[in-house]
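Participant: Build the 3D model from these lines:
(one chain, ligands or ions: 1)
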Amino acid sequence: MNSTLNSTFRYPDPPTRLENVIDDLGAVVGLLERNAPYNPLGGWFRPDQDGADTTTPMWFQQTWLGADVAVEGSDLFVDHERVVETMRQFYDAEVVVPHTLFVNLMAAIPECGPVHTDNPLFRGRDRSNTPMLLLRTMLWSGLFQRWATAQATSIWWMNDVEGGGIAYWPEGSDKPPERHVGAMANTSIVGDNHGMFHQVEPVGPFDKGTHLVSPAAELAPTDDGSGDWAVTDRGVESYRAPLDQIRVSVLFKAHVFPTEDERRRVEHDTLSFADVARIFNEDLAERGADVRFDVDRLEDLSHTAALATIYPEPVPVGTRKSVFDT
Ligand SMILES: [Fe+2]
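Facilitator: Numbers count the residues shown, from 1 in each chain. Down below sits the predicted model:
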């Protein structure tokens, strides 16, 4: 079943690498400082995360552009001519509509991040109204491509830290990954992170193992004149380092349309849960599967999990253990 899915799922082209992307690095530092503090990443692959336990690696994240956020200065990334032009060229498309910008700050994680493709979204169905596992199952079923607006992603790295590379699978999940590691400062890779698997590699420093914090921890610049940044966890400083020893990456995402006419043509072609049910259930019947998709069981994890076994997500060749694996 896996091989059938792989042969019908079209992988994107390899991403494009850009050098010397940001002219004014001081402006980025200003953005980082003004928007502090930063909190640890939550998200769909952390279902175990709850309460105040000190179980979270130092992977901090913040949205700078989103549905109801647009921080001052984010145009430094969003209106970046060369990056946007690279997105157009990557898809041979005319229209790029930025929608998301977020920043990651990481340190002392001697294991990899989870291998993944970025959160799937379809016109009418995204993480704001649809469970993530269902969105992923919709993606790997290949049944909903008509509603999947092409997504361009640029990842930019501010600095070179110990480790901190990224592995990515430009030839698909059944071929070994390539890596971008070392000399990453002020480079970007621009491509399709929604179709291409990728995995963040271990982030240093490595001499003290994984430094864990609670979900309430905050990362911010100190005000003692040292220039250091520090993690304050429930009132106690638990980590301290200069900014250039914290891996900073900025992700920029945009919808891409071949033409403005095409953007308008598909704008109102959205996917309802009734459509999702009909399309899944026709396919499940054709496969002779016992499972049926039931809109009334959206919150029932066992129901979504049963569906996911029919349309499994590939595990790429060369995947490494994640810090979130239990
Ligand atoms: Fe990603």
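
Participant: tell me the phi and psi of F90?
Facilitator: phi -60, psi -40 (degrees, to the nearest 10).

Participant: Tell me the gap between the host helix or strand of G26 and the middle of its chain.
Facilitator: Assigned by DSSP states H and E, G26 belongs to helix 25-34. Computed by C-alpha atoms, centre = their mean, to the nearest Å, the chain-centroid distance of helix 25-34 equals 22 Å.

Participant: which residues are contacting whatever helix or strand comes next after it?
Facilitator: Sequence-wise, the next helix or strand downstream of helix 25-34 (DSSP H and E) is strand 39-40. The contact list for strand 39-40, computed with C-beta atoms under 8 Å, 6 or more residues apart in numbering, reads 56-62, 213-219. C-beta here means a position set from N, CA and C on the backbone, and glycine is covered the same way.

Participant: Mind checking the pLDDT average for strand 39-40?
Facilitator: The predicted model gives strand 39-40 an average pLDDT of 94.

Participant: partners of that strand in the sheet?
Facilitator: Sheet pairing for strand 39-40, assigned by DSSP bridges, gives strand 59-66 (antiparallel).

Participant: heading toward the C-terminus, what's the first helix or strand past the partner strand?
Facilitator: Taking DSSP H and E, what comes next after strand 59-66 is strand 69-70.

Participant: same for whatever helix or strand comes next after that following strand, what does it pack against?
Facilitator: Where DSSP H and E defines the elements, the next helix or strand beyond strand 69-70 is helix 75-78. Here helix 75-78 touches helix 25-34, strand 95-106, strand 247-257, going by 3 or more C-beta pairs under 8 Å, 6 or more residues apart in numbering; DSSP states H and E.

Participant: 6 Å - rerun?
Facilitator: Counting contacts by 3 or more C-beta pairs under 6 Å, 6 or more residues apart in numbering; DSSP states H and E, helix 75-78 packs against strand 95-106.

Participant: Need the mean per-residue confidence for the strand it packs on.
Facilitator: Average pLDDT, strand 95-106: 97.

Participant: Now it: buried residues?
Facilitator: Buried residues in strand 95-106, counting neighbours by 16 or more other C-beta atoms under 10 Å, are found at V95, V96, P98, T100, L101, F102, V103, N104, L105, M106.

Participant: Can you list the low-confidence ranges for the stretch 51-200 of the chain?
Facilitator: The model of the stretch 51-200 of the chain has pLDDT under 70 over residues 51-52.

Participant: mind listing the helices for it?
Facilitator: Along the stretch 51-200 of the chain, counting by DSSP state H, counting those that start in this stretch, helices occupy 75-78, 81-91, 132-141.

Participant: In the first one, which residues are buried?
Facilitator: This points to helix 75-78. L76, F77, V78.

Participant: before we move on, what about the longest one?
Facilitator: By neighbour count, with 16+ other C-beta under 10 Å as the criterion, the buried positions of helix 81-91 are V83, V84, T86, M87, F90, Y91.

Participant: any idea what sits nearest the second one, other than its immediate chain neighbours?
Facilitator: Take V84 and drop its neighbours on the chain: the residue closest to it by C-beta to C-beta, 6 or more residues apart in numbering is V96, 5.2 Å away.

Participant: Check the fourth one too.
Facilitator: Counting by C-beta to C-beta, 6+ apart, the nearest residue to M87 once its immediate chain neighbours are dropped is A152, at 3.8 Å.

Participant: give the contact list for D68.
Facilitator: For D68, the contact set (C-beta atoms under 6 Å, 6 or more residues apart in numbering) is empty.

Participant: three-state assignment of P215?
Facilitator: Under DSSP: H, G, I helix; E, B strand; the rest coil, the three-state class of P215 is coil.

Participant: residue nearest the centroid of this structure?
Facilitator: The residue lying closest to the centre of the chain (C-alpha atoms, centre = their mean) is D118, at 4.3 Å.

Participant: Quick check, that residue in contact with H194.
Facilitator: Yes: at 4.8 Å, D118 and H194 qualify as touching, with contact defined as C-beta atoms under 6 Å.
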